[in-house]
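Trainee: sequence? don't have it. structure:
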């Protein structure tokens, strides 16, 4: 991953020279004084700060000390002249990661920065992994007190230690990927990778390459060898969402990848083995697809070793208050807002609605409420028009045309925010919005937003 670095130096020539030398490998910000540096640190996530010992009349070590007081401080490297090496060594004792002497050797500096950022990223990944492994049940991300959810929790605990393939059935937006994560976290594979792939998010002709990889020259545009999801998940868990969307050719190859456990990359003839625990999910009726000849019967039985039916939200409405308040806390924490629990009228509105989009739609409604509310508490008027109308609580004076305008304004806001948070990456933005990349592309065109 490209790291993000901040160069702090009052000499413009040095500052710009370093930026030009490092920008091919890193995302680079610059600052000419301590105030500018602190502004950058407050606005963006910086992995590493490279600061001169003397910044005009200011002390670079004072900047480092202020940086190290931050909750998640970036790595600090000090630049100094040969005569100040003793000062630089003292700086390292006080928390600086390393130092370099001027004139700076760019190759040496690049290696130090890359090594430092890679070490930080590995450390963060290990912390995240330990947090997953140390979870009491691996079920903390699943919320519910209903009988249906308690049954699912028990099934997860029973199936997780095994190697059995799991097939999850349920409508879109019910949280099937979270359940797959919980199974992985509770399994003996929890120290290896969990790889998720949505079969509906890719064109049919690309799915085979995405799953099994391809060799260089296998097709137009295949300029290099690519490792597929099966190889990425070797030793771990592969979650295939919307499994009912794959065509017959991929079904044959998927069956062989599961039993006897070998496959070939597209355009290759070398057999590859990968020990993968497969969890599949679909919102379609696979038995009907089997009868219609659209889904292989042998693959269906190979997938359907353990079946988990995930209930729609309308089937477990007693969980709505728990989910709504959990989403409210998460979104308020993300946006730096302090909200009280939803108003009783707003909660009643949520309970009256049938939620065709399930948990994903509920989270979107809470996100919309937090975004549009002008007070400290979400009220009925802050909820999306579709929820108010579906619950029978639509205000009498609110016309359909006014409501449609509100829906579009809200959707535009959410799409723009998702794109900003994802740095313009439409695949990540689509994940945040709970839609496919193709749906996001279509909505960008329909709403006349820049692509």
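Mentor: Received, thanks. Please read all numbers here as calculations on a predicted model, not as lab measurements. Numbers count the residues shown, from 1 in each chain.

Trainee: Could you use CA atoms for every contact and neighbour count after this?
Mentor: Fine.

Trainee: Distance-wise, check residue 292 relative to residue 299.
Mentor: 14 Å (CA to CA, to the nearest Å).

Trainee: more crowded one of those two?
Mentor: residue 299 (17 against 10; other CA atoms under 10 Å).

Trainee: wait, the more buried one sits on residue 253?
Mentor: No: in this structure residue 299 lies outside contact range of residue 253 using CA atoms under 8 Å: 10.1 Å.

Trainee: need the strands for the stretch 151-300 of the chain, in chain order.
Mentor: Secondary structure of the stretch 151-300 of the chain by DSSP state E, counting those that start in this stretch: the strands cover 166-169, 194-198, 237-241, 262-263, 272-273, 277-282.

Trainee: do you know which of these lies nearest residue 34?
Mentor: strand 194-198 (41.8 Å; CA to CA).

Trainee: Can you work out which other helices and strands pack against the closest one?
Mentor: On a contact count with 3 or more CA pairs under 8 Å, 6 or more residues apart in numbering; DSSP states H and E, strand 194-198 meets helix 176-186, helix 229-232, strand 237-241.

Trainee: Could I get the contacting residues of residue 433?
Mentor: With contacts defined as CA atoms under 8 Å, 6 or more residues apart in numbering, residue 433 is in contact with 364, 414, 415, 418.

Trainee: Can you tell me which of those residues is closest to residue 10?
Mentor: Closest to residue 10, out of all of the contacts of residue 433 and judged by CA to CA, is residue 418, at 35.8 Å.

Trainee: The closest one and residue 276, how far apart?
Mentor: 32 Å.

Trainee: out of these two, which sits in the more crowded spot?
Mentor: Comparing residue 418 with residue 276 by neighbour count (other CA under 10 Å), the higher total belongs to residue 276, at 24 against 20.

Trainee: Show the backbone phi and psi for residue 391.
Mentor: phi -90, psi 0 (degrees, to the nearest 10).

Trainee: That one is in contact with residue 349, isn't it?
Mentor: Yes: if you go by CA under 8 Å, residue 391 and residue 349 touch, sitting 5.7 Å apart.

Trainee: These two: which is more packed in?
Mentor: With neighbours defined as other CA under 10 Å, residue 391 and residue 349 compare such that residue 349 has more, 21 against 17.

Trainee: Verify the assumption that the more buried one is located in a helix.
Mentor: Yes: secondary structure of residue 349 (DSSP: H, G, I helix; E, B strand; the rest coil): part of a helix.

Trainee: tell me the pLDDT at it?
Mentor: On pLDDT, residue 349 comes in at 92.

Trainee: Please identify which of the helices and strands packed on strand 194-198 is closest to residue 194.
Mentor: The nearest among the helices and strands packed on strand 194-198, by CA to CA, is strand 237-241 at 4.9 Å.

Trainee: ok and that closest one relative to strand 277-282, angle-wise?
Mentor: 10 degrees (axes from the mean of the first three to the mean of the last three CA atoms, to 10 degrees).

Trainee: Quick one: mean pLDDT for strand 237-241?
Mentor: 96.

Trainee: Just checking: what are the partner strands of that strand?
Mentor: Applying DSSP bridges, strand 237-241 is found paired with strand 194-198 (parallel), strand 277-282 (parallel).

Trainee: okay, these, which one's buried deepest?
Mentor: Most buried of the strands paired with strand 237-241, by mean neighbour count (mean count of other CA atoms under 10 Å): strand 277-282, with a mean of 24.

Trainee: I'd like the next helix or strand past the helix or strand encompassing residue 36.
Mentor: In this structure, residue 36 sits in helix 34-43 according to DSSP states H and E. Toward the C-terminus, helix 34-43 is succeeded by strand 48-52 as the next helix or strand (DSSP H and E).

Trainee: roughly how far is that following strand from the heart of the chain?
Mentor: 29 Å (CA atoms, centre = their mean, to the nearest Å).

Trainee: On the C-terminal side of that strand, identify the next helix or strand.
Mentor: strand 54-55.

Trainee: which neighbours does that next one have in its sheet, and in what orientation?
Mentor: When pairing is defined by DSSP bridges, strand 54-55 lines up against strand 58-59 (antiparallel).

Trainee: neighbouring contacts of the next helix or strand after the strand it pairs with?
Mentor: Following strand 58-59 in sequence order, the next helix or strand is helix 60-67 (DSSP H and E). Outside of helix 60-67, the residues within contact range by CA under 8 Å, 6+ apart are 34, 51, 52, 53, 54, 73, 74, 76, 78, 91, 95, 96.

Trainee: Pull the most distant pair out of the residues you listed.
Mentor: Once CA to CA is applied, the contacts of helix 60-67 give 54 and 73 as the farthest pair, at 20.7 Å.

Trainee: just checking, residue 110 touches residue 22?
Mentor: Yes: the criterion here is CA under 8 Å, and residue 110 meets it with residue 22 at 7.1 Å.

Trainee: which stretches of the stretch 301-450 of the chain form helices?
Mentor: Ranges of helices in the stretch 301-450 of the chain, per DSSP state H, counting those that start in this stretch, are 320-335, 344-352, 358-372, 385-390, 400-421, 426-433, 437-446.

Trainee: Please identify the deepest-packed of those helices.
Mentor: helix 358-372 (a mean of 21).

Trainee: looking just at contacts, which helices and strands does that one meet?
Mentor: So helix 358-372, by 3+ CA pairs under 8 Å, 6+ apart, packs with helix 320-335.

Trainee: correct me, but residue 377 touches residue 346?
Mentor: No: using CA under 8 Å, residue 377 is not in contact with residue 346; the gap is 9.6 Å.

Trainee: my read is residue 149 is in a helix, agree?
Mentor: Yes: counting by three-state DSSP, residue 149 is found in a helix.

Trainee: measure stretch 181-196 end to end?
Mentor: First residue to last in stretch 181-196 (CA to CA) measures 9 Å.

Trainee: Please apply the same query to stretch 312-323.
Mentor: First-to-last residue span, stretch 312-323, CA to CA: 13 Å.

Trainee: And for stretch 312-320?
Mentor: First residue to last in stretch 312-320 (CA to CA) measures 11 Å.

Trainee: Please report the distance of residue 438 from residue 308.
Mentor: 28 Å.

Trainee: returning to what we had before: per-stretch mean pLDDT over the helices of the stretch 301-450 of the chain, give me the minimum one.
Mentor: helix 400-421 - the lowest mean pLDDT of the helices of the stretch 301-450 of the chain, at a mean of 62.

Trainee: still on that earlier bit, please identify which of the strands of the stretch 151-300 of the chain is closest to residue 425.
Mentor: strand 194-198 (16.8 Å).
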